[in-house]
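Colleague: Got a sequence here, can you model it:
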Amino acid sequence: MASSQCCENPHTLSSTCGQGCVEDVGGLKAYITGHSDSKLAVLLASDVFGYEAPNLRKLADKIAAAGFYVVVPDFFYGEPYETNNPNRPVLEWLKDHGTDKGTEAAKAVVAALKSKGISAIGAVGFCWGAKVVVELGKHSLINAAVLCHPALVTVDDIKEVKTHIAILLAEIDESNTPPELVKQYEEALSVKAEVGAFMKIFPGTEHGWTVRYDVDDEPAVKKAEESHQHMLDWFTKYVK
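Modeller: I've put the predicted structure just below:
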């Protein structure tokens, strides 16, 4: 179940931010950035606040600058979670926007990318999106996965992953990834010799720190950028 931390520090959404554009990919609107002739792609699966988050699009542009074609789909069809809507709490919202539906939509996006000649795909999921990305990894639909402060991801999910996976965790995220669950993740990955695996807990960080940081908070920006570099290094290593 998603925790209250998943809905804290919401983004201020903007449909005009970023260097890219919005196009249809696999039946979904998506923020697209990077070189259209690149054969290497990275898919970003957002948290519950959706694909118009400025920090998320800024990160997409950063990944694109490293040579990737980057796609940030609107998995919520124009209806991201709204913290100021008392008539639709997150558990009600999730009935219409569950990760099962997100996974099926992501599969269509992956298929569309491959149909246009993309030869290797990485995917990174944030909170809600981490569950979607781990499902893609369980079915070998991507070459590399990164999970950032995951929610809803079980030990059984990790056991079934067939692709290279990095998990970037917040130190202060008791509801989603308590220490005992992190240990179980580590144990599950330690016996998967066939896939590359990396885990790191970022000291002093809270759930959402990789994309829901205050741009005027220099220490928070620095911690987010550190996670972004790990992400880029992972994709550079395995998406080629």
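
Colleague: buried sites along the least confident helix or strand in the chain by mean pLDDT?
Modeller: Within the chain, no helix or strand scores below helix 90-96, which has a mean of 91 by mean pLDDT, DSSP states H and E. Of the residues in helix 90-96, those buried under the neighbour-count criterion (16 or more other Cβ atoms under 10 Å) are 90, 93-94. In short, each C-beta sits where N, CA and C put it, glycine included.

Colleague: Mind telling me what element the residue in the chain sticking out farthest from the centre is part of?
Modeller: In terms of distance from the mean C-alpha position of the chain, residue 87 ranks first, at 27.2 Å (Cα atoms, centre = their mean). Under the criterion DSSP states H and E, no helix or strand holds residue 87.

Colleague: Tell me the spacing between residue 238 and residue 142.
Modeller: 9 Å (Cβ to Cβ, to the nearest Å).

Colleague: Need the residues touching each of these two.
Modeller: residue 122 (Cβ atoms under 8 Å, 6 or more residues apart in numbering).

Colleague: more crowded one of these two?
Modeller: With neighbours defined as other Cβ atoms under 10 Å, residue 238 and residue 142 compare such that residue 142 has more, 25 against 20.

Colleague: Not counting sequence-adjacent ones, nearest residue to residue 188?
Modeller: residue 158 (4.4 Å; Cβ to Cβ, 6 or more residues apart in numbering).

Colleague: Kindly report the same for residue 59.
Modeller: Closest to residue 59 by Cβ to Cβ, 6+ apart is residue 228, at 6.0 Å.

Colleague: May I have the helix or strand where that neighbour lies exported as PDB, CA atoms only?
Modeller: Secondary structure assignment for residue 228, by DSSP H and E: helix 218-238. Taking Å, rounded to 0.1, in the frame of the first residue of the first chain, the C-alpha atoms of helix 218-238 are listed here in PDB:
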ATOM      1  CA  GLU A 218      21.500  23.500  -2.000                       C
ATOM      2  CA  PRO A 219      22.100  20.400   0.100                       C
ATOM      3  CA  ALA A 220      18.800  18.800  -1.200                       C
ATOM      4  CA  VAL A 221      19.800  19.600  -4.800                       C
ATOM      5  CA  LYS A 222      23.300  18.100  -4.200                       C
ATOM      6  CA  LYS A 223      21.800  14.800  -2.800                       C
ATOM      7  CA  ALA A 224      19.400  14.600  -5.700                       C
ATOM      8  CA  GLU A 225      22.200  15.200  -8.200                       C
ATOM      9  CA  GLU A 226      24.200  12.400  -6.600                       C
ATOM     10  CA  SER A 227      21.400  10.000  -7.200                       C
ATOM     11  CA  HIS A 228      21.000  11.200 -10.800                       C
ATOM     12  CA  GLN A 229      24.700  10.400 -11.400                       C
ATOM     13  CA  HIS A 230      24.300   6.900 -10.100                       C
ATOM     14  CA  MET A 231      21.300   6.600 -12.500                       C
ATOM     15  CA  LEU A 232      23.300   7.800 -15.500                       C
ATOM     16  CA  ASP A 233      26.200   5.600 -14.700                       C
ATOM     17  CA  TRP A 234      23.900   2.600 -14.500                       C
ATOM     18  CA  PHE A 235      22.300   3.300 -17.900                       C
ATOM     19  CA  THR A 236      25.700   4.000 -19.500                       C
ATOM     20  CA  LYS A 237      26.900   0.700 -18.300                       C
ATOM     21  CA  TYR A 238      23.900  -1.500 -19.300                       C
END
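
Colleague: If you count neighbours, what's buried in that helix?
Modeller: 220, 223-224, 226-228, 230-232, 234-235, 238.

Colleague: Kindly report the same for stretch 63-81.
Modeller: Result for stretch 63-81 [16+ other Cβ under 10 Å]: buried residues 63-64, 67-76, 80-81.
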